[in-house]
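Trainee: From the sequence below, what's the structure:
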Amino acid sequence: MIYFPNILSPYQNVLLFLFNVSNLLTNLSPSVDSPICKSDQETTFTAVTNRPVQIQCEVEADMDDVNFRWEFNGTSSGGDVQVVSVPGTTTKSIVNYTPRSENDFGTVYCWGTNNVGTQSIPCAFVVIPAGINNQFIIYKIVNFIG
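Mentor: Model (predicted):
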């Protein structure tokens, strides 16, 4: 213990010396974000009416305990959605999506939520009827969004 009566108030009796302070100040506030879509995912799926197509949604997240929400064209209605559990991972969700009519083809969205928050931009997966020119549909969707 070092005591300097001229610089310490009467209520303090210890002076702490810190060395190499620059090393102590690293990573004080690491960037922690809500989940985001993993970039290298398949996003376009061809399907046939009444036949399931398996869609996998994977996110990157600082906090790995992620819950998922799925929607079709911004609503909970659409084709049948059956969530498949993925053992051993909490950053991935898989659904078997079955379009029941022509109206059930479109975009399926997936949001991840963890302790930090919910994705601000959902992962989007386009389900198109088999036999349709994929490049034309993708071009139209990109131009519609952007």
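
Trainee: next helix or strand past the worst-scoring helix or strand of the chain on mean pLDDT?
Mentor: Of all helical and strand segments in the chain, the minimum by mean pLDDT, DSSP states H and E falls on helix 21-24, at a mean of 44. Where DSSP states H and E defines the elements, the next helix or strand beyond helix 21-24 is strand 36-37.

Trainee: Touching that next one from outside, list them.
Mentor: 57-61, 119, 121-123 (CB atoms under 8 Å, 6 or more residues apart in numbering). (Each C-beta comes from the backbone N, C-alpha and C, glycine too.)

Trainee: Buried members of these into PyMOL, please.
Mentor: Of the contacts of strand 36-37, the buried ones can be selected in PyMOL as follows, counting by 16 or more other CB atoms under 10 Å:
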select buried, resi 57+58+59+61+119+122+123
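
Trainee: Just send the contacts of strand 36-37 back as a markdown table, with secondary structure, distance to residue 44 and pLDDT too.
Mentor: Below are the contacts of strand 36-37 laid out as a markdown table (DSSP: H, G, I helix; E, B strand; the rest coil; distance: CB to CB, whole Å; pLDDT from 0 to 100):
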| residue | secondary structure | distance to residue 44 | pLDDT |
| --- | --- | --- | --- |
| 57 | strand | 14 | 95 |
| 58 | strand | 16 | 95 |
| 59 | strand | 19 | 95 |
| 60 | strand | 21 | 94 |
| 61 | coil | 24 | 90 |
| 119 | coil | 20 | 94 |
| 121 | coil | 18 | 94 |
| 122 | coil | 16 | 94 |
| 123 | strand | 13 | 96 |
